[in-house]
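>>> Quick one, structure for this:
(one chain, ligands or ions: 1)
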Amino acid sequence: MEKANLDWSNIGFGYIKTDKRYVSNFKDGKWDEGALVDDDKITISECAGVLQYAQTCFEGLKAYTTEDGHIVCFRPDLNAQRMVDSAKRLEMPVFPEERFIEAVVETVKANEAFVPPYGSGATLYIRPYMFGSSPVIGVKPADEYQFRVFATPVGPYFKGGAKPIVIKVSDFDRAAPHGTGNIKAGLNYAMSLHAIVTAHDEGFSENMYLDPGTRTKVEETGGANFLFVTKDNKVVTPKSDSILPSITRRSLVYVAKEYLGLEVEEREVYFDEVKDFVECGLCGTAAVISPVGKIVDHGKEIAFASGMEEMGPVTKKLYETLTGIQMGRIEAPEGWIKVIK
Ligand SMILES: Cc1ncc(COP(=O)(O)O)c(C=O)c1O
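Got it, this is the predicted structure:
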């Protein structure tokens, strides 16, 4: 298979149209058999549920080439499961988990020319999503839905190594108590846009959101969960009903315990104790772990001992072990790597 003519190391993190996408429609109470199509455009009613009441959810995962030349993706079963949870919470029909995985596999195979080569640092980002397509004017769930998967090649998240970032404690919330923070609903991301534009305008890379109920506990950023490291090398990660259960975070917790023999605490983390940690990182599919060097809370700075030059030692070990597993350099736990080709 001839690869697309792209400068793989310099493609950035934006949308590039690929050859095929997967589409399945839900009508009269059932999903059709689904197919790969060429057309990247969608025609729906001006009154579609997604356009009027934001009835949409999505997932994000990556396919990439391993050292031995296979095309694989990482734990797509967990994305399938999370999309079931998202759909249920938004009163959308569930797209069956095994069909989700099949749709991802078919989309990647059909766009093999766009799967970046091993060593380029680039990956094929896969975006499964679902939306209410039929008209609704009273506030209620749509009757018809579309499930789609497209793929787009994205460049390495960090060019020239992962430098620690500076983030701020946000004055905005990304989720409500008992709201939709724990699912991947489009509406959560619409809510976060003003907050992230504000943070960027002020010179920060990301927002740290606190719990919306009491504003005393650490939640997550707009696109990643937190990991902290204590002075005695314990890994601590916030537990909350209003954060997205990150697949990367769940994998890193396993790696910390089972591969590195570290103690891990998944618990409520009060903002007041953040100053006592020595390392901090953000974990998500895009970057695996982004090190945080500093957190600014209304002018007060918390600077981590790991500094502004490189990842802290524990964060680095976690990062190297998980990326080693993903790339096939380290043996993966059963079922983590889905071989596509
Ligand atoms: C709000 C939020 N938290 C955390 C994550 C990280 O999740 P994952 O590791 O599954 O990519 C994401 C990205 O998907 C996200 O959007």
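>>> how near is Ala256 to Phe58?
From Ala256 over to Phe58 the distance is 28 Å, taken as C-beta to C-beta, to the nearest Å. (Glycine included, C-beta is placed from N, CA and C.)
>>> And these two? Which one has more around it.
Ala256 (24 against 17; other C-beta atoms under 10 Å).
>>> Got phi/psi on the more buried one?
Main-chain torsions, Ala256, degrees, to the nearest 10: phi -60, psi -50.
>>> Spit out the contact partners of it.
Val235, Leu262, Val264, Leu318 (C-beta atoms under 8 Å, 6 or more residues apart in numbering).
>>> Repeat that for Ser133.
With contact taken as C-beta under 8 Å, 6+ apart, Ser133 is in contact with Asn25, Ile44, Ser45, Ala48, Gly49, Val50, Ala142, Glu144, Tyr145, Gln146.
>>> interface residues of the stretch 51-200 of the chain facing the ligand?
Residues of the stretch 51-200 of the chain found near the ligand (C-beta under 6 Å from any ligand atom) are Gly60.
>>> which one is Trp336 nearest to, not counting chain neighbours?
Nearest non-adjacent residue to Trp336, counting by C-beta to C-beta, 6 or more residues apart in numbering: Arg75, 5.5 Å away.
>>> if you look at the contacts of Ala256, which of them are in strands?
Of the contacts of Ala256, the ones assigned to strands by DSSP state E are Val235, Val264.
>>> In JSON lines, list the contacts of Ala256 along with neighbour count.
As requested, these are exported to JSON lines (neighbours: other C-beta atoms under 10 Å):
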{"residue": "Val235", "neighbour count": "24"}
{"residue": "Leu262", "neighbour count": "17"}
{"residue": "Val264", "neighbour count": "17"}
{"residue": "Leu318", "neighbour count": "28"}
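>>> Can you show me the helices along the stretch 51-200 of the chain?
With DSSP state H, counting those that start in this stretch as the criterion, the stretch 51-200 of the chain has helices at 76-89, 97-110, 186-201.
>>> Adding mean pLDDT and mean neighbour count, write those out as a markdown table.
Output for the helices of the stretch 51-200 of the chain, formatted as a markdown table (pLDDT from 0 to 100; neighbours: other C-beta atoms under 10 Å):
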| stretch | mean pLDDT | mean neighbour count |
| --- | --- | --- |
| helix 76-89 | 98 | 20 |
| helix 97-110 | 98 | 20 |
| helix 186-201 | 97 | 16 |
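>>> Which one, of these, ends up nearest to Ile126?
Nearest to Ile126, of all the helices of the stretch 51-200 of the chain, is helix 97-110, at 5.7 Å by C-beta to C-beta.
>>> relative orientation of the closest one and helix 76-89 in degrees?
120 degrees (axes from the mean of the first three to the mean of the last three C-alpha atoms, to 10 degrees).
>>> packing partners for helix 97-110?
Identification of packing neighbours for helix 97-110 by 3 or more C-beta pairs under 8 Å, 6 or more residues apart in numbering; DSSP states H and E yields strand 21-27, strand 35-37, strand 61-65, strand 71-74, helix 76-89, strand 123-132, strand 145-154.
>>> Which strands or helices does the third one pack on?
If I follow you right, that is strand 61-65. Going by 3+ C-beta pairs under 8 Å, 6+ apart, strand 61-65 lies up against strand 71-74, helix 97-110, strand 123-132.
>>> For it, the averaged confidence score.
Strand 61-65 comes out with an average pLDDT of 96.
>>> Please save the CA atoms from that strand in CSV.
This file holds the C-alpha atoms of strand 61-65, laid out as CSV (Å, rounded to 0.1, in the frame of the first residue of the first chain):
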residue,chain,number,x,y,z
LEU,A,61,-8.5,7.1,19.7
LYS,A,62,-5.4,6.5,17.6
ALA,A,63,-4.1,3.9,15.1
TYR,A,64,-0.4,3.8,14.5
THR,A,65,2.4,1.6,13.1
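>>> orientation of it relative to helix 76-89 in degrees?
Going by the same axes, to 10 degrees, strand 61-65 makes 160 degrees with helix 76-89.
>>> Each with direction, which strands does strand 61-65 pair with?
With DSSP bridges as the test, strand 61-65 is paired with strand 71-74 (antiparallel), strand 123-132 (antiparallel).
>>> what's the distance between the first one and the middle of its chain?
Counting by C-alpha atoms, centre = their mean, to the nearest Å, strand 71-74 is centred 15 Å from the centre of its parent chain.
>>> mind listing the strands for the stretch 201-341 of the chain?
Under the criterion DSSP state E, counting those that start in this stretch, the stretch 201-341 of the chain contains strands at 206-208, 225-229, 235-238, 264-267, 279-284, 288-297, 300-303, 337-339.
>>> Arg250 reaches Gln81, doesn't it?
No: using C-beta atoms under 8 Å, Arg250 makes no contact with Gln81, being 11.1 Å away.
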